[in-house]
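**Q** below is the sequence, then the predicted model.
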Amino acid sequence: MPTVAPLDLTGHCVSTRFISGIPFYALADGTIHRLDNGHKVTEAHDGLLCATRENDGKSLLTGGEDGRICRTGADGEAEELASVPRKWMTSVASGPQGAVAFASGRNAWVREADGKVREFQHPRSVEGVAFAPKGMRLAIARYNGVTLHWAATDSKPVELEWKGAHTGVMFSPDGRFLVTAMQENALHGWRLEDNRHMRMTGYPGKVKDWSWSVKGKWLATSGAPAAVVWPFSGKDGPMGKAPMELGFRADAMVSAVACHPSEDIVAVGYSDGMILVIRFADQKEVLLRRPGKGAITSMDWDETTRRLVFGSQAGDCGVVDITV
């Protein structure tokens, strides 16, 4: 049976990730908690707004209300990478060769490993940033679409238009598709070889979390009473296809999802704190955690694929060990 090691913290958990095998919890108050031979705390920001794991898995990138972007490694030391006074850093992304993208207001920046910073200005506010799987191509979610920059050159950006507010953005693992979360209850996407549109609608709530399955065959999303899982294995992605709905519950909404790194299963977190793990092939469900104090906000599998770290809106966090 799965076992849960709880960690009760105070406040909203923005993101939780395994960093070099160590559970990290980034809280909205600016603290980063880690379970490394005991419970340890790093004061990283005066208010934390966004976090992501660096591509090499060895550090957590965070942005705060203090205008700072920081990198925190397994030792808990928070290194300041950039600072823009009086700005709220609302999104951050990890890129190739140590590059980091971040955004505030109408501006986005890319900091390369040598410390060189390039700024990209936009007429409307930047809501999300993401690097392509290969190279320095940067996607910026904005009102009415996405702007694609080649971050290392001065070449003209590519504009992908779709009416509405796009609040988050990411590439598929193979780089063939670009997907955005929208302010309305929907996802939008483009097949990048011809910029063909993909509409993914029908959600009763906003999509606040998403996760690609192994090899990018499926995209699992929150925003409904079940995990909505779109097929991306074919040439056309989800166009003309219905999604799977996994883990339906009549009395709770899915608030977080985390696909397993090596198998076609997904951890599904709910608005009441429950966590299930569900297999795509036969929709078999296993209970990992009973309801808790608050909605699950973030989950992540470790490299051994045996542990799942989770955080919640109310700070009741922990680690699930699924080893039988």
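**A** Looks like it came in fine.
**Q** could you measure from residue 68 over to residue 52?
**A** 15 Å (CB to CB, to the nearest Å). Bear in mind the C-beta positions are built from the backbone N, C-alpha and C, glycine included.
**Q** residue 242: how many residues sit nearby?
**A** As a burial measure, residue 242 scores 10 neighbours (other CB atoms under 10 Å).
**Q** element containing it?
**A** In the assignment (DSSP states H and E), residue 242 maps to no helix and no strand.
**Q** pLDDT value on it, please?
**A** Looking at residue 242, its pLDDT reads 94.
**Q** now it: how far from residue 248?
**A** On the measure of CB to CB, residue 242 and residue 248 end up 15 Å apart.
**Q** ok, now residue 199?
**A** Taken as CB to CB, the span from residue 199 to residue 248 is 22 Å.
**Q** now for the closest residue in space to residue 100 that isn't next to it in sequence, how many residues are close by?
**A** Taking CB to CB, 6 or more residues apart in numbering, and ignoring the residues beside it in sequence, residue 100 has residue 111 as its nearest neighbour in space, at 4.9 Å. Neighbourhood size, residue 111 [other CB under 10 Å]: 18.
**Q** tell me the contacts of the closest residue to residue 122 other than its chain neighbours?
**A** What sits nearest to residue 122 in space, not counting adjacent residues and going by CB to CB, 6+ apart, is residue 106, at 5.0 Å. Residues near residue 106 by CB atoms under 8 Å, 6 or more residues apart in numbering: 121-126.
**Q** and residue 106, what pLDDT?
**A** For residue 106, the predicted pLDDT is 95.
**Q** try residue 269
**A** pLDDT, residue 269: 98.
**Q** number of residues surrounding the nearest residue to it once chain neighbours are set aside?
**A** Counting by CB to CB, 6+ apart, residue 269 lies nearest to residue 296, which is 2.7 Å off, once chain neighbours are set aside. Using other CB under 10 Å, residue 296 has 32 neighbouring residues.
**Q** the one 3 residues further on too?
**A** One way to gauge burial is a neighbour count; for residue 299, by other CB under 10 Å, it gives 26.
**Q** that one touches residue 267, doesn't it?
**A** Yes. Residue 299 is in contact with residue 267 according to CB atoms under 8 Å; the separation is 5.3 Å.
**Q** in stretch 89-106, which residues are buried?
**A** Neighbour-count burial for stretch 89-106 flags 89-96, 98-104 (criterion: 16 or more other CB atoms under 10 Å).
**Q** now the end-to-end length of that stretch.
**A** Its start and end residues considered, stretch 89-106 measures 11 Å (CA to CA, to the nearest Å).
**Q** now stretch 237-252
**A** Terminal residues of stretch 237-252 lie 29 Å apart, using CA to CA.
**Q** quick one: distance of it to the chain centre.
**A** From the chain centre to the centre of stretch 237-252 is a distance of 19 Å (CA atoms, centre = their mean, to the nearest Å).
**Q** same check, this time on stretch 36-51
**A** Counting by CA atoms, centre = their mean, stretch 36-51 is centred 18 Å from the centre of its parent chain.
**Q** same thing with stretch 15-34?
**A** Relative to its chain's centre, stretch 15-34 lies at 14 Å (CA atoms, centre = their mean).
**Q** just the buried residues of it, please?
**A** Buried residues in stretch 15-34 (16+ other CB under 10 Å): 15-20, 22-34.
**Q** before we move on, back to that, surely the residue nearest to residue 269 and residue 312 touch.
**A** Yes. Taking CB under 8 Å as the definition, residue 296 is a contact partner of residue 312 at 5.5 Å.
**Q** next, show the common contact partners of these two.
**A** residue 273.
**Q** helix, strand, or coil at residue 97?
**A** Following DSSP: H, G, I helix; E, B strand; the rest coil, we place residue 97 in the helix state.
**Q** confidence score at it?
**A** pLDDT at residue 97 comes out at 92.
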